[in-house]
Structure formats: C-alpha cells, structure tokens
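>>> generate a structure from the sequence data that follows.
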Amino acid sequence: MANRFKHRWRSDQLVVLGLLCLLFLIFIAFLNWMLALAGLVLLALFAVWFVFNEAQFNKELIEYIAGLSYRIKKVGDEVLLQMPIGIILYDKSERIEWCNPYLNKIAGDEETNVGKYVNEISKELADLISSDKESSIITIRERQYRVRLKRPERLLYFTDITDILEIKKRYFNEKTVIALIFLDNYKEVTEGLEDQIRSTINNETTSIIKKWASDHGIFLRRTASDRFLAVLNEKRLTMIEEEHFSILDKVREKTVPLSHIPLTLSIGVGAGTPILEDLGSYAQSALDLGLGRGGDQAVIKRPDGDVKFYGGKSNPVEKRTRVRARVISHALSELMLESDQVMIMGHRVPDLDSMGACIGVLKIAHANGRSAKIILDREQNVTGVSRLIDELQRDRNLWSNFISADEAHGQATRRTLLVVVDTHRPSMVVDPQLLESAIRVVVIDHHRRAEEFIKDPVLVYMEPYASSTSELVTELLEYQPNERPLNVIEATAMLGGIAVDTKNFTLRTGFRTFDAASYLRAHGADTILIQKFLSDDLEQFNQRAELIRRAKIYRSNIAIVVGEEEKQYDQVLLAQTADTLLTLEGIRTSFVIGLRDDGQVGISARSLGDVNVQIIMESIGGGGHLNNAATQMKDTTVGDAAEQVRAAIDSYFEGGLS
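Take a look at the predicted model:
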C-alpha cells in the first residue's frame, strides 16, 4: 500500500491532464469532428475509471491507516513495557510516579516500585539528580547501568552496559606492554671480583628475575649481561603494580650477601598504545627517567603523559666516571664556542649550591673566551645568599657579570647559550619566559629527575649520585684546557654550595666530593667565610628553637613540626629546623611545615636514609633527594598541609607510595 501511494499520481495532476486533453479535442473538432467525438468517448471512459479507482484507493488507504495505527500503538506499548531499557518518572520529592516492568526487573522486585523514592533503588540516583551531570554509570545488584537524566521531564533511562564494560576491560587487559629491565650497577658490583663470585651473582640475579617473570606470566629475554626485555599485558602489569614491583626489593636483598654492595634494578615500562614502536619508545624513555632519578626503581609511561614511579628507596651508589666528566666538559666548551654569549641561571629562591654552580659555569665561559652573565632574582635572596651577595658586590669585576631577568631579555639572541644549573624543572627556574624562548639550553643538575623536565636541551649533565651541582661544575672546570684560576670568593662560593648540600660533608658524600673540595680549597676557598655565610643570628636561632619546641613524634621516630597558622617563616629557617631535628636522639626523619612570606605553605623534609622523603614529597607536588626534599603548597592552610603530610607518610609505610 505504501508503495502504491508513493508512485500514485495526485488527483489535481490528473484533473489538469484531463482539461488539457479536452482542449486538445475541441481543437481537433474544427479539423475532424468524428475523430474528436471518438476522443471524447475515450476521455469519458477514463473519467469514469478514475472516479471508481479513486474511491477504491481511499477505502484501502483508510483500512491501511487503521491497521498501521493499531500496529504502531501495539509496538509503542511493546517498546515502553517490554524493551530492555528501564524507565522511571519521578515527582518533585524524588518519589517514583511510574516505571516500566523492566525497571522492576532491574531493581529485583516482582511488584511495582511506584511510590518508592529513587534512592531506594540506588543512592547514586539521588546523587545524580542533585548534581549537574546528565548521565552517570550506576551499579545495581552487581550490574552496571548507564543512567541518563532528562531533568525538565524528571525522567530516568537505564541501559545495561555490564557486558560492554566487560569487553572493554578484557580488551584493555590484553593490550601489549613492553618493559626494559636494566641492572643499574652490575659492572660496578662485579668489577674486581673473582670469576666464581661473579658467576654466582650473575646466576642468582638471573634466577630471581626469571622466576619473577614466570610467576607473572611474562615473556623474558636477556639482551645483554645487564639488560632484559620483557613482554606482558595490562592485566599482568596491574598485578605487578599491586605488588609495588617487589622484584626491586628481592634483587637488592638477595644480592647483598654475595657482593656486600646491593645490586639494583631499573625497569622502564611502555604501555597504553597498540603501536609496538611507540611502546618501545615509551619503555626506553621510562628507563632513562628512572636512571636519571638514581635507579633502583620502576617507571611506567603512557601516551597521555601519565608517569608512575615505584621503588627508589635505596641510596644511589656513586658510579660516575671521570671520563664522562671530561666528555661533558669538552662538549660544553664546544657549545660555548659556537655561541655569541652565555647566560646562566639557577632556581628561584637561590641557595649557595645554585649560586656556586652559576659562578663555576661563569668561569668555564670565561675560560673559553665568551662573555657570560648570571641571571639573579635579587628580590628572592635568602639569608645565606644575601651574605654571599654582599661579598660579591665588593668584587666589582665579578659583580658586573650579574644581571636581572629584564636585562637578560634585552640582551639574549638566537645564538645565546642558556645554562640552567641546580634544577631541571621549567617551573622552578628564575625566568621561565627566557627559558621558553631560548633555542640552545644546557642542563646541569644533581637532583633525581622529575616528570617535569626542560624541553629539548642540547646537553644534559644530570648525576643524582653527586653531592651537589657545585661538585659537578667543579669537575667540569678542572677539565677545561684553558682553565682560569679561581679567586677566593669564587672558590668559597662553590665550596659553600657543596657544604650546604652535604650538611658539612656528613650526607651524600663520595670520594669525588672530597676531590672537588680539595681542588677548591687549593684555589683559596675560605672555610671561615663559609661559616659566616651559614651562621645564624640570635633571632633566627630563637625562631628555630621555637619551632623545635613544637615538634611532635609520629610513628615512633618521625618528627613533625607545624608552625603557627598565621606566622610567616623564612624557607631557610624551615630547612635548618628540619636538619637540626635529625641531630636529636631517636629522630630519623623530620618534616617542618610553615607559612612562607609569599603566602605559600613551605614543607622541608629530611631523613637519615631509612625513609625516602623524596617519594613522600613527590606525592604532594614536591621533590628532591632520598634524604633531602621539599615542596610548596598554594591555597591551603598550615593545618591542612600537615594533614596531607601525615596521610602521605601513612601511604608510604602502608605501600600506597613506592
């Protein structure tokens, strides 16, 4: 019937056609009346047929519409009552006014749910109605439903998506993951050992890793004496994450009795994409990131930029070589010679290490015949640096090399080499805008690498095994072919940087630290002047004592100091207080929290090595080293910050942080 109606001529079209035929017959009648008469008879017969056919069609159309209306109504009832989509109409008090039978089935009731409140079906429904969201996934009787809300009509639609989510989960679980496993210090641990002991260490380590891979269903292949390739899927990776990569602890603990030096692993994991080439790239990038943070950790990297860290609980073993320092020193010289000038900057709120490293790089630039300037934010000077600056200003030649950020913008060119020292995070440099506009950037730092990193540097010298950036720069200065002698204030500033970061050579020192200190002392570094830079005045001493009196012991050997809510404290004071607390008997870790003069809440964390304060600080937006870390928090109170610190400590000890 629908086909007939579609192809049928309309009545008005046929009437017009009939009139045209009649006019044509009148015209023919003037020429041949008999032919016109015959045509008139045919036209009359056609008219009779048309009237009869039109009546028949109208009758069939009425019957068709009646039947179609019945079917549509029946289908509508079927859809509304039988289709597997739950429907709820509720009133202003969120009481159900009407629901279809499928909704009753969803709720598990044989009888109707009319008259009940929507939160009796699920409390999440009431949350959805009160929110500004249009849809939500809600679990009812162990099945998941996509609930869509038509707020003006007070109408809820329920679609069962349990099977779809299960398929998505299975698809995600079966995605390929690539992991690169690297023995951080295999060569250092086995160097000089007898063949039998080296073989025992090798066999024991390989056995541990292979058993771990077998237990977790991982395909493993050794690609070198200190490298493995692992292929797994997302499901296996989730299991390993739940164990917080226990393989790191197993290898470290099992190999200590054999070599007396812990053998550690670094694992780089690439996940989140079906493209194998990209997986390999992410895995290598994650491994580089883990090694840059000192090793003994696992890093997972995904395409969305999300990076997860596990491990990193051991102190990095020093494994720098003089060969690498010489190569970096030569490469830095080449870059300076290719540049028209050198600009140097450290981090905001500079300390002695940052200032000392800047001065060292300045001397390297002068040794290569290049003009150089140190960018200094004079409004952010802290106590120790203020005293150093007073000394620098007495040396007019040296002080003339310091400029402000505004002056640097006016002098910088496309061929300017920008050297960033003592930080690798763009958000922490003195002038982020200058960093962003610079084409050639060098990074020299001793901190463990964070997720945030300066984009596309031409040279990176990052050694988390070093005590300080001043130590690294001192070594680079030693290998300059046209070395220029340091004067007393320059050597003192660099030695002061080492002294500050090692707490007067008590923490994180290696034999290279003392070599660098010896070199600087030979060039006239004044230890008495360093003590002047670091000395306290009576008011500062009293403030530190006041903070120490507020210390509370947490988890038996952790000291937490929470400053007064509205009182402002200098960042150096917070750090010094944290250091002083570690000198007290029974305290192995310290956290000092106080309001800074810029309105942020500063937190300084210190440890004797039992607790990795870097991981704890990273979990609340900071960073640093295993035993020396810090963070600053905006838009919060001192009390709230203290609660976050306690929660992060609990999470660390309970396995939530790795």
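
>>> residue ranges with poor pLDDT in the stretch 251-400 of the chain?
256-261, 292, 294, 305, 312-321, 378-384 (pLDDT under 70).

>>> what segments of it are strands?
Assigned by DSSP state E, counting those that start in this stretch, the strands in the stretch 251-400 of the chain fall at 265-270, 297-301, 307-311, 341-345, 372-375.

>>> in JSON lines, list the ones you listed along with distance to V419.
(Glycine included, C-beta is placed from N, CA and C.) Below are these laid out as JSON lines (distance: least, C-beta to C-beta, whole Å):
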{"stretch": "strand 265-270", "distance to V419": "28"}
{"stretch": "strand 297-301", "distance to V419": "27"}
{"stretch": "strand 307-311", "distance to V419": "26"}
{"stretch": "strand 341-345", "distance to V419": "5"}
{"stretch": "strand 372-375", "distance to V419": "8"}
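
>>> okay, these in a markdown table with mean neighbour count and distance to V562 next?
Shown next, in a markdown table, are the strands of the stretch 251-400 of the chain (neighbours: other C-beta atoms under 10 Å; distance: least, C-beta to C-beta, whole Å):
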| stretch | mean neighbour count | distance to V562 |
| --- | --- | --- |
| strand 265-270 | 27 | 36 |
| strand 297-301 | 27 | 30 |
| strand 307-311 | 20 | 27 |
| strand 341-345 | 24 | 34 |
| strand 372-375 | 23 | 35 |
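
>>> for those strands, which one sits closest to I208?
The closest of the strands of the stretch 251-400 of the chain to I208 is strand 265-270. By C-beta to C-beta, the value is 9.5 Å.

>>> domains of this protein?
2-81, 86-165, 178-311, 322-534, 538-653 (automatic domain parsing).

>>> let's have those domains in JSON lines, adding distance to F172.
Output for the domains of the chain, formatted as JSON lines (distance: least, C-beta to C-beta, whole Å):
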{"stretch": "domain 2-81", "distance to F172": "34"}
{"stretch": "domain 86-165", "distance to F172": "10"}
{"stretch": "domain 178-311", "distance to F172": "5"}
{"stretch": "domain 322-534", "distance to F172": "23"}
{"stretch": "domain 538-653", "distance to F172": "25"}
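
>>> between the ones you listed, which gets nearest to Y171?
Nearest to Y171, of all those, is domain 178-311, at 9.3 Å by C-beta to C-beta.

>>> hang on, the earlier thing: which one of the domains of the chain has the poorest average confidence?
Lowest mean pLDDT within these: domain 2-81, at a mean of 66.

>>> which residues does R227 bridge with?
Here R227 shows beta-bridge partners F182, A224, assigned using DSSP bridges.

>>> Q144 now?
With DSSP bridges as the rule, Q144 is bridged to T139.

>>> nearest to I603, of the strands of the stretch 251-400 of the chain?
strand 307-311 (19.2 Å).

>>> next one: that closest one to chain centre, how far?
10 Å (C-alpha atoms, centre = their mean, to the nearest Å).

>>> output the contacting helices and strands for it.
Strand 307-311 makes packing contacts with helix 247-259, helix 276-292, strand 297-301 when contacts are defined by 3 or more C-beta pairs under 8 Å, 6 or more residues apart in numbering; DSSP states H and E.

>>> now do the buried residues in stretch 94-105.
94, 96, 99-100, 102-104 (16 or more other C-beta atoms under 10 Å).

>>> ugh, wrong one, stretch 521-532
Applying 16+ other C-beta under 10 Å to stretch 521-532 flags 523, 525-526, 529-530, 532 as buried.

>>> and if you look at stretch 143-155?
144-145, 147, 149, 154.

>>> same check, this time on stretch 564-577
Under 16+ other C-beta under 10 Å, the buried positions of stretch 564-577 are 569-577.

>>> show me where the stretch 301-450 of the chain has helices.
322-337, 352-367, 383-394, 396-399, 405-411, 432-437 (DSSP state H, counting those that start in this stretch).
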